[in-house]
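[1] Next one to model:
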Amino acid sequence: MPPRKCASASCAPTELDDPVVAEDLALLCKALAHPARVLLLRHLTSVGTCYFGSLADIVGLAPSTTSQHVKVLKEAGLLLGSAEEQRTCYCVNPERLLVLKRLVEAL
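    The predicted structure follows:
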């Protein structure tokens, strides 16, 4: 049976029809595909400023495991991190989070 055609505006082509945009959304969703990464992002969002503490304490995982999760979030552009003297500052990239929200809403 062929797919039905939709006459409503909600079925109009969106930016998600662009393969590059769809790939970006998939990358962002993949970055959130583990509960530890969701917890990290949620915690850093709630802090509202850069966080200098141990992120391993937030998720209850080994520092090396937490570091891998942070790496995935940074590669997706959702987290920013910078070294300041002997500590690292982590914060949410608000622009990238807005992109994620906009693309999810377009689904």
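
[2] what's the next secondary structure element after the helix or strand bottoming out on mean pLDDT in the chain?
    Every helix and strand of the chain was ranked by mean pLDDT, DSSP states H and E. The lowest is strand 79-84, at a mean of 81. Sequence-wise, the next helix or strand downstream of strand 79-84 (DSSP states H and E) is strand 87-92.

[3] And that following strand, how far out from the chain middle?
    15 Å (Cα atoms, centre = their mean, to the nearest Å).

[4] In CSV, list the C-alpha atoms belonging to it.
    Taking C-alpha atoms only, strand 87-92 is exported to CSV below (Å, rounded to 0.1, in the frame of the first residue of the first chain):
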residue,chain,number,x,y,z
ARG,A,87,41.0,22.1,37.2
THR,A,88,38.7,21.7,34.3
CYS,A,89,35.5,23.7,33.9
TYR,A,90,32.5,22.1,32.2
CYS,A,91,29.4,23.8,31.0
VAL,A,92,26.5,23.3,28.6
